[in-house]
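1. sequence first, predicted coordinates after that:
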Amino acid sequence: MLSKLPLPAIVLVTALAAPPPERPVFTDFRQRVSQFLKLNQGAPRLRVTADKQEIADRHEALARKIRAGRANAKAGDIFTPAIASEFRRIIGAAFQGAQSPNVRKTIRQGEPLQGWQLVVNGNYPEHIPETTIPPTLLRNLPPLPAEVEYRIVGHDFVLLDTRAMLIVDFIAGAVP
């Protein structure tokens, strides 16, 4: 008769792949984003509402505060030339190879925007459909805190403050 011995535990040993070393350009980018987010500190916690006017008023109040704190902001303050160059390289690589048609299709699902010019510290146009950033591109970019997002408007790559609906910075012509 077989005794009821416990089955031996199966131990799987896997070598965890070390994440790629942090690129100094991404460290600089994260620091610049963190500095920007300090302008959001002290903003009151907002209650949940469905009132569109109240939501718009909140966005505008926070946007005014940010604009006052970044009165001289311009394109390239966050996406410096070195940072923009690395983002352009990564974005360009996403449009190469077998997955490029899917990447292009994902980005172009929204209606094309005609006659809109992006401005740092400007309002993000509310009538623009949200463009999905393809996962094949997103996984190669630095992750962002919840208060900011990457967006694509036409051929431009945008960093958006989602609480103020404000354009933080952008890279013109980064998307082929």
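-> Here it is on my side, so go on. None of the values given here were measured: they were computed from a predicted structure.
2. break down the protein into its strands, ranges please.
-> Using DSSP state E, the strands of the chain run over 148-153, 156-161, 166-171.
3. burial measure for I133, as a count.
-> Neighbour count of I133, defined by other C-beta atoms under 10 Å: 20. (C-beta placed from N, C-alpha, C; glycine too.)
4. next: the one 3 residues further on.
-> By the other C-beta under 10 Å criterion, the neighbourhood of T136 contains 16 residues.
5. ok, I152 next?
-> By other C-beta under 10 Å, 23 other residues sit near I152.
6. that one and I133 touch, don't they?
-> Yes. I152 lies in contact with I133 (C-beta atoms under 8 Å); the separation is 6.8 Å.
7. sorry, back to before: of the strands of the chain, which is nearest G122?
-> strand 166-171 (5.1 Å; C-beta to C-beta).
8. packing partners of the closest one?
-> Packing partners of strand 166-171 (3 or more C-beta pairs under 8 Å, 6 or more residues apart in numbering; DSSP states H and E): helix 52-69, helix 81-94, strand 156-161.
9. if you set the cut-off to 6 Å instead, what comes out?
-> On a contact count with 3 or more C-beta pairs under 6 Å, 6 or more residues apart in numbering; DSSP states H and E, strand 166-171 meets strand 156-161.
10. counting contacts, what elements does the strand it packs on pack onto?
-> Applying 3+ C-beta pairs under 6 Å, 6+ apart, one finds that strand 156-161 contacts strand 148-153, strand 166-171.
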